[in-house]
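S.K.: Could you look at this predicted model? Sequence included:
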Amino acid sequence: MARFTLPRDLYHGKGSLEELKNLKGKKAIVVVGGGSMRRFGFLDKAVSYLKEAGMEVSLFENVEPDPSVDTVMKGAQAMREFEPDWIVAMGGGSPIDAAKAMWAFYEYPETTFEDLITPFNFPTLRTKARFCAIPSTSGTATEVTAFSVITDYSKGIKYPLADFNITPDIAIVDPELAETMPQKLTAHTGMDAMTHAVEAYVSTLHCDYTDPLALHAIKMIHENLKKSYDGDIKAREAMHNAQCLAGMAFSNALLGIVHSMAHKTGAAFTGDHIIHGAANAMYLPKVIRYNAKNEEAKARYAEIARFIGLEGKDDEELVSALISELRSMNTALNIPLSIKNYGAGGVIASESIIDEKEFLEKLPEVARLAISDACTGSNPRQPSQEEMEKLLLAVYYDREIDF
């Protein structure tokens, strides 16, 4: 038996933010990030709509990128003091992910963060509040997923939290919020969405319900991401929908070792964070080559290549064409092909901000943690310690994969 879970309601299209007027409740806390939702007027609109619904509204602002355990605990405390019956999270993946974790600690104050690290180990939610998610970026799809990523900065580790309990009750996918994304964020979130869809399609847990969502998302992203990056508003709207479809797929099929590697390298080095979407974009072509040693995975990568119009006389050539196409997309989006060329902000640079010596020193431990990541279990191949170290070296130096 398998399970397929999505939000109870999903509102989409321009102006769908207004659906907040129809929420039924007494109190809503709005969780947001660093200021773009306020700056562009969306936060004021949301608060106004919630008040029109007859609710008292409180704000929890300034959730940082890569939200921390400390921020989660502060937000949960604010919720316990205000006692909302709706949690409304809006912005990029960070405030929505943070609010999902806050939700658990609000309803179960005695729960520890360590309790939640074990996949699908959350307590039963909705004893105090329901959850509405409103994304402003076109990548994480956390508005429709059973996942949240929280960083423990004391350990330098990003933890993917997973449980169907934290799938939002309502998702509002309004493309007007995504129109304000800067170019670099458009690139990184777009390739994050591409990675979600590709990993979901080859996951060992893929099924008839997730496959069409993943394939259509891949096609939409392939056709629209560069146009969206260049400022095409219709393409920006298409990308907002595509990333949501990719989220529906991976929330139910799960992911693979591209995400395992991205989680465990993201906060591991002192030079800077490796931005999640840029990490996925760099690592995906290498992992495809590694996974394609598995015949079933190779056939499914070839299906992706055919579906987006690539050519090859056999599966091997189609896999190579897919890898080449993804690398070309990265270059067109100013995303580096290797950590060695990873500059500040995740763009192409002649010299990496991730120190080579530190990378090599931490390689065994980062590889060990990546293997133990929650996303590894559904990958088509299960890497050994040696193979994971070789993969990480390949993404640092842009080496060929031959193992």
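M.R.: The structure has been received and is ready for your questions.
S.K.: number of nearby residues for the closest residue to Ala141 other than its chain neighbours?
M.R.: Closest residue to Ala141 apart from its sequence neighbours, by C-beta to C-beta, 6 or more residues apart in numbering: Gly247 at 2.2 Å. Glycine gets a C-beta too; all of them are placed from N, C-alpha and C. Number of residues near Gly247 (other C-beta atoms under 10 Å) recorded here: 29.
S.K.: ok, now the one 3 residues further on?
M.R.: When neighbours are defined as other C-beta under 10 Å, Phe250 has 33 of them.
S.K.: where's it, which helix or strand?
M.R.: Applying DSSP states H and E as the criterion places Phe250 in helix 233-253.
S.K.: likewise Ala46?
M.R.: Going by DSSP H and E, Ala46 is part of helix 42-52.
S.K.: Please point out which parts of that helix sit buried.
M.R.: Phe42, Leu43, Lys45, Ala46, Val47, Tyr49, Leu50 (16 or more other C-beta atoms under 10 Å).
S.K.: Okay, and Glu303 sits in which element?
M.R.: With DSSP H and E as the test, Glu303 turns up in helix 295-307.
S.K.: quick one: the lowest-mean-pLDDT helix or strand in the chain to helix 233-253, angle?
M.R.: Least confident helix or strand, the chain: strand 157-162 with a mean of 87, by mean pLDDT, DSSP states H and E. Here strand 157-162 runs at an angle of 80 degrees relative to helix 233-253 (axes from the mean of the first three to the mean of the last three C-alpha atoms, to 10 degrees).
S.K.: residues making contact with strand 157-162?
M.R.: Here strand 157-162 makes contact (C-beta atoms under 8 Å, 6 or more residues apart in numbering) with 66, 100-101, 113, 116-117, 119-120, 122, 146-152, 259, 263-264, 266-268, 369, 373-375.
S.K.: what pairs with that strand, and is each one parallel or antiparallel?
M.R.: Here strand 157-162 has these sheet partners by DSSP bridges: strand 147-152 (antiparallel).
S.K.: before we move on, back to that, need the next SSE after the helix holding Phe250, C-terminal direction.
M.R.: Where DSSP H and E defines the elements, the next helix or strand beyond helix 233-253 is helix 257-266.
S.K.: Show me what secondary structure element comes after that following helix.
M.R.: With elements assigned by DSSP H and E, the helix or strand that comes after helix 257-266 is helix 276-291.
S.K.: so what secondary structure elements neighbour that next one?
M.R.: With contacts defined as 3 or more C-beta pairs under 8 Å, 6 or more residues apart in numbering; DSSP states H and E, helix 276-291 has these neighbours: helix 183-202, helix 257-266, helix 295-307, helix 315-332, helix 385-397.
S.K.: Kindly recompute the last result at 7 Å.
M.R.: helix 183-202, helix 257-266, helix 315-332, helix 385-397 (3 or more C-beta pairs under 7 Å, 6 or more residues apart in numbering; DSSP states H and E).
S.K.: mind putting these in TSV, mean neighbour count, distance to Ile275 and mean pLDDT included?
M.R.: Compiled in TSV, these are given as follows (neighbours: other C-beta atoms under 10 Å; distance: least, C-beta to C-beta, whole Å; pLDDT from 0 to 100):
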stretch	mean neighbour count	distance to Ile275	mean pLDDT
helix 183-202	27	6	98
helix 257-266	28	8	96
helix 315-332	18	13	98
helix 385-397	19	14	98
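S.K.: if I look at the residue lying farthest from the centre of the chain, how far off is Ala305?
M.R.: In the chain, counting by C-alpha atoms, centre = their mean, Lys313 sits farthest out from the average C-alpha position, at 33.7 Å. According to C-beta to C-beta, to the nearest Å, Lys313 stands 12 Å off from Ala305.
S.K.: again, but for Ile117
M.R.: Counting by C-beta to C-beta, the gap from Ile117 to Ala305 is 36 Å.
S.K.: out of those two, which sits in the more crowded spot?
M.R.: Taking other C-beta under 10 Å, Ile117 and Ala305 do not tie; Ala305 has more neighbours (23 against 16).
S.K.: Can you name the residues that contact the more buried one?
M.R.: Going by C-beta atoms under 7 Å, 6 or more residues apart in numbering, Ala305 touches Gly312, Leu318, Val319, Ala321, Leu322.
S.K.: Try it again at 8 Å.
M.R.: Under the criterion of C-beta under 8 Å, 6+ apart, the neighbours of Ala305 are Gly312, Leu318, Val319, Ala321, Leu322, Glu325.
S.K.: repeat for Thr265
M.R.: Thr265 makes contact with Ile274, Ala279, Ile339, Val366, Ala370, Leu392, according to C-beta under 8 Å, 6+ apart.
S.K.: sorry, back to before: so the least confident helix or strand of the chain versus helix 257-266, what angle?
M.R.: Computed with the same axes, to 10 degrees, the direction of strand 157-162 lies at 140 degrees from that of helix 257-266.
S.K.: what's the next secondary structure element after strand 157-162?
M.R.: strand 170-173.
S.K.: domains of this structure?
M.R.: 9-178, 183-397 (automatic domain parsing).
S.K.: any chance of these in TSV, with distance to Phe403 too?
M.R.: Supplementary listing: these in TSV, determined by distance: least, C-beta to C-beta, whole Å:
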stretch	distance to Phe403
domain 9-178	26
domain 183-397	6
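S.K.: and the helix holding Ala46, what does it pack onto?
M.R.: strand 27-31, helix 36-39, strand 56-60, strand 86-91.
S.K.: for the stretch 51-200 of the chain, which spans come out with low pLDDT?
M.R.: Of all residues in the stretch 51-200 of the chain, none has pLDDT under 70.
S.K.: Please list the outside residues in contact with stretch 28-45.
M.R.: 17, 46-47, 50, 55-65, 75, 78-79, 82, 84-92, 94-96, 98-99, 102, 136, 176-177, 180.
S.K.: quick one: buried residues of whichever strand or helix holds Glu114?
M.R.: Per DSSP H and E, Glu114 falls inside helix 113-117. Within helix 113-117, the residues that count as buried by 16+ other C-beta under 10 Å are Phe113, Leu116, Ile117.
S.K.: Can you check what angle separates the next helix or strand after it from strand 27-31?
M.R.: Sequence-wise, the next helix or strand downstream of helix 113-117 (DSSP H and E) is strand 130-135. For strand 130-135 against strand 27-31, the angle by the same axes, to 10 degrees is 30 degrees.
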